[in-house]
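Participant: Next come a sequence and a model predicted from it.
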Amino acid sequence: MTRLGTTVDPRAPEYAQARTAALERLTALGAELAKALAGGGEKYTARHRGRGKLLARERIELLVDPDTPFLELSPLAAWGSDYPVGASLVTGIGTVEGVECLITANDPTVRGGASNPWTLKKALRANDIARENRLPCISLVESGGADLPSQKEIFIPGGALFRDITRLSAEGVPTIAVVFGNSTAGGAYVPGMSDHTVMIKDRSKVFLGGPPLVKMATGEESDDESLGGADMHARTSGLADHYALDEHDAIRQARRIVARLNHRKAHPDPPKARDPLHDPEELLGIVPPDLKTPFDPREVVARIVDGSDFDEFKPLYGTSLVTGWATLHGYPVGILANAQGVLFSAESQKAAQFIQLANQRDIPLLFLHNTTGYMVGKEYEQGGIIKHGAMMINAVSNSRVPHLSVLIGASYGAGHYGMCGRAYEPRFLFAWPSAKSAVMGPQQLAGVLSIVSRQSAAAKGQPYDEEADAGMRAFVEAQIESESLPLFLSGRLYDDGVIDPRDTRTVLGLCLSAVHNAPVEGARGGFGIFRM
Ligand code: COA
């Protein structure tokens, strides 16, 4: 065993400062998560309950096995937009009858559960997770369909939702729809395309057009029940496979469907693992309030991997990127973690080699981000930083083992790409509240803009307004700073959630378990041309 030591001192003033800053950020995060939990607020929640209905999260809680975790995804979707935080949909991974499933539930207390542009993004992300990891999908449906005022944003791209359901089915990933209420128009294709459907007496309403629309279209008089009630679909149309008497019965039947799926994970669960030697509580005291102050990512690794046991690869070479092997909840992982922030040529080459090794050995990779990007400057350009950075990005892009990314500090510029940022399709990507991500730091970006404006004025022979420049810099800095923060980025679905650092090991363990539903097979060759 190679046990990582620690130099973190919980009595040191820097530790206290970092911890205070972390706790403040967690309080702010908690306030935003509370908004998602509150759904449509007291009035609509009370009305929903008054109708004898369960809330979206209560439905999920009854669906998953007792005392098992639910890894909620994208809870802050739509943060900072015109739509309520959470985007009227709950998504996540939970265990049903021992099977890890991707569960989605409309929140009918938020504008009738109607789907806005952020709901669509969140739902499509959930489908991607189900497909990549081969997780059976359970949709708990009760939705007013498309949010009509924003239809132009969702109608055309929204067709992908139904396409995904049948493609999952074609790939052998089971799909189950449980209809708790309204599921009309396009929404009717959720049960319509699913492998299994459960409908509830006097509750489910599944029709292409409701009574008013039918009256308009054909003049026919009709009612909800004869057009799309559970009785009709169970006895006459055949769209319902299972007829439930109430919500609890529907959830019970959904659990029985999962029990009969004959689902087999591609890999067996590993044996129970040892906890880290060092206290995960101390993760709050590691990232300094100012991200310009460097910190040793081994202190993070030591608090998330089994037994704090970490075998480093090339520890003396390319030292601003730490690479090495560990297990996390028993699953083997290769870890890449930024140390001093900047990526040089040596770090990039080391990363490319390490990624290839993980692919040869079928070992998932974990990227811990704290980078300001690839090094700039004459010496580094002449030394081939572009081709070496490209080598790392090539390796990340064409690697086939599952990737998990956690933004713990900075994640700027192409460093975000090389460290498997969102566009490089890590299976899961989470951020700590301390993270920041943008094309570059706010001061640098404002400074670059200022230099460009100054040069432009000089080229035109115009005087440069220094006062306006100072105002512009301050404005741009503030804007970029706010756009770099985790709440903003999570609101745009650029991650799968902002997590408490102390939960990192648990969250990653759940993700690693989920990814092992699908075969973990690395690339043997198949990389692009490496520029040497
Ligand atoms: N788009 C935008 N807003 C919608 C909506 C939709 N598709 N469906 C409901 N809402 C809004 C309502 O206007 C209402 O807003 P308000 O409270 O500010 O007035 C709020 O959501 C709650 O709707 P309400 O009708 O009071 O809730 P309900 O639980 O009694 O009924 C529905 C829910 C979904 C059955 C009903 O709202 C409905 O039939 N909506 C339209 C369904 C439809 O035809 N959609 C088109 C599909 S493509």
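Facilitator: It's in.
Participant: Contacts only, for V401.
Facilitator: Contact partners of V401, counting by C-beta atoms under 8 Å, 6 or more residues apart in numbering, are A358, N359, D362, I363, P364, L365, V520, E521, G522, A523. Heads up, the C-betas are built off the backbone N, CA and C, glycines and all.
Participant: Restricted to buried residues, select those residues in PyMOL.
Facilitator: Selection of the buried residues among the contacts of V401 in PyMOL, burial being defined by 16 or more other C-beta atoms under 10 Å:
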select buried, resi 358+359+362+363+364+365+520+522+523
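Participant: from the contacts of V401, which ones fall inside helices?
Facilitator: Taking DSSP state H, the ones among the contacts of V401 that sit in helices are A358, N359.
Participant: R255: which of the contacts of V401 is nearest?
Facilitator: V520 (27.9 Å; C-beta to C-beta).
Participant: Contact residues of the chain facing the ligand?
Facilitator: Contact residues (C-beta under 6 Å from any ligand atom) of the chain with the ligand: R111, G112, A114, G144, G145, A146, D147, L148, N182, T184, A185, G186.
Participant: most neighbours, which of those residues?
Facilitator: Compared across those, N182 has the highest neighbour count, 26 neighbours, by other C-beta atoms under 10 Å.
Participant: List the contacts of the closest residue to that one other than its chain neighbours.
Facilitator: Leaving aside its sequence neighbours, N182 sits nearest to K205 (C-beta to C-beta, 6 or more residues apart in numbering; 5.1 Å). Taking C-beta under 8 Å, 6+ apart, we find K205 in contact with V179, G181, N182, S183, T184, D224, L227, G228, G229.
Participant: can I get the contacts of V401 in a markdown table with pLDDT?
Facilitator: Below are these laid out as a markdown table (pLDDT from 0 to 100):
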| residue | pLDDT |
| --- | --- |
| A358 | 98 |
| N359 | 98 |
| D362 | 98 |
| I363 | 98 |
| P364 | 98 |
| L365 | 98 |
| V520 | 98 |
| E521 | 98 |
| G522 | 98 |
| A523 | 97 |
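Participant: Of the contacts of V401, just say which sits nearest to T175.
Facilitator: V520 (23.2 Å).
Participant: how about the host helix or strand of D249 as CSV, C-alpha atoms only?
Facilitator: In the assignment (DSSP states H and E), D249 maps to helix 247-259. C-alpha atoms of helix 247-259 as CSV (Å, rounded to 0.1, in the frame of the first residue of the first chain):
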residue,chain,number,x,y,z
GLU,A,247,-50.5,6.1,-6.9
HIS,A,248,-49.1,3.7,-4.3
ASP,A,249,-50.4,0.8,-6.4
ALA,A,250,-48.8,2.2,-9.5
ILE,A,251,-45.4,2.6,-7.8
ARG,A,252,-45.7,-1.0,-6.5
GLN,A,253,-46.4,-2.2,-10.0
ALA,A,254,-43.5,-0.2,-11.4
ARG,A,255,-41.2,-1.9,-8.9
ARG,A,256,-42.6,-5.3,-9.9
ILE,A,257,-41.8,-4.5,-13.6
VAL,A,258,-38.2,-3.7,-12.7
ALA,A,259,-37.9,-6.9,-10.6
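Participant: which outside residues touch it?
Facilitator: 53-54, 59, 62-63, 96-97, 99, 101, 136, 138, 174, 176, 178, 180, 196, 198-200, 203, 242, 244.
Participant: at 7 Å instead, please
Facilitator: 53-54, 59, 62-63, 96-97, 99, 101, 136, 138, 176, 178, 180, 196, 198, 200, 242, 244 (C-beta atoms under 7 Å, 6 or more residues apart in numbering).
Participant: Which of the contacts of K205 scores worst on pLDDT?
Facilitator: Ranked by pLDDT, the contacts of K205 bottom out at T184, which has 89.
Participant: hang on, isn't that residue packed against G210?
Facilitator: Yes - with contacts counted by C-beta atoms under 7 Å, T184 reaches G210, the gap being 5.9 Å.
Participant: Give me the distance from the helix holding D249 to the chain's centre.
Facilitator: Put simply, helix 247-259 sits 27 Å off its chain's centre (C-alpha atoms, centre = their mean, to the nearest Å).
Participant: which parts of it are buried?
Facilitator: Residues of helix 247-259 classed as buried: E247, A250, I251, R252, Q253, A254, R255, I257, V258 (neighbour count, 16+ other C-beta under 10 Å).
Participant: Return the subset of the contacts of helix 247-259 lying in helices.
Facilitator: R59, L62, L63.
Participant: hmm, back to that, the contacts of V401 in strands, which ones?
Facilitator: Within those, residues falling in strands by DSSP state E are L365.
Participant: Count the neighbours of the residue lying closest to G409 once chain neighbours are set aside for me.
Facilitator: Leaving aside its sequence neighbours, G409 sits nearest to N370 (C-beta to C-beta, 6+ apart; 3.4 Å). By the criterion of other C-beta under 10 Å, N370 has 29 neighbours.
Participant: May I have the strands that pair with the helix or strand containing N370, each with its orientation?
Facilitator: Assigned by DSSP H and E, N370 falls within strand 365-371. Using DSSP bridges, the strands paired with strand 365-371 are strand 331-338 (parallel), strand 403-412 (parallel).
Participant: Average pLDDT for the next helix or strand after that strand, rounded please.
Facilitator: With elements assigned by DSSP H and E, the helix or strand that comes after strand 365-371 is strand 373-374. In this model, strand 373-374 has an average pLDDT of 96.
Participant: Mind listing residues that contact strand 373-374?
Facilitator: When contacts are defined by C-beta under 7 Å, 6+ apart, strand 373-374 is touched by residues L343, I385, G389, Y412, G413, A414, G415, M440.
Participant: hmm, try it at 10 Å
Facilitator: In this structure, residues lying in contact with strand 373-374 by C-beta atoms under 10 Å, 6 or more residues apart in numbering are 341-345, 347-348, 380, 385-386, 388-390, 392-393, 410-419, 439-441, 444.
Participant: Just the buried subset of those residues, please.
Facilitator: Using 16+ other C-beta under 10 Å, the buried ones in those are 341-345, 347-348, 380, 385, 388-390, 392-393, 410-419, 440-441, 444.
Participant: isn't A352 right up against K314?
Facilitator: No - look at A352 against K314 with C-beta atoms under 10 Å: they stay out of range, at 11.7 Å.
Participant: Who has more neighbours out of the two?
Facilitator: A352 (23 against 18).
Participant: Could you report the neighbour count for I335?
Facilitator: 26.
Participant: Next: E32.
Facilitator: Around E32 there are 19 other residues, counting by other C-beta under 10 Å.
Participant: That'll do, ta.
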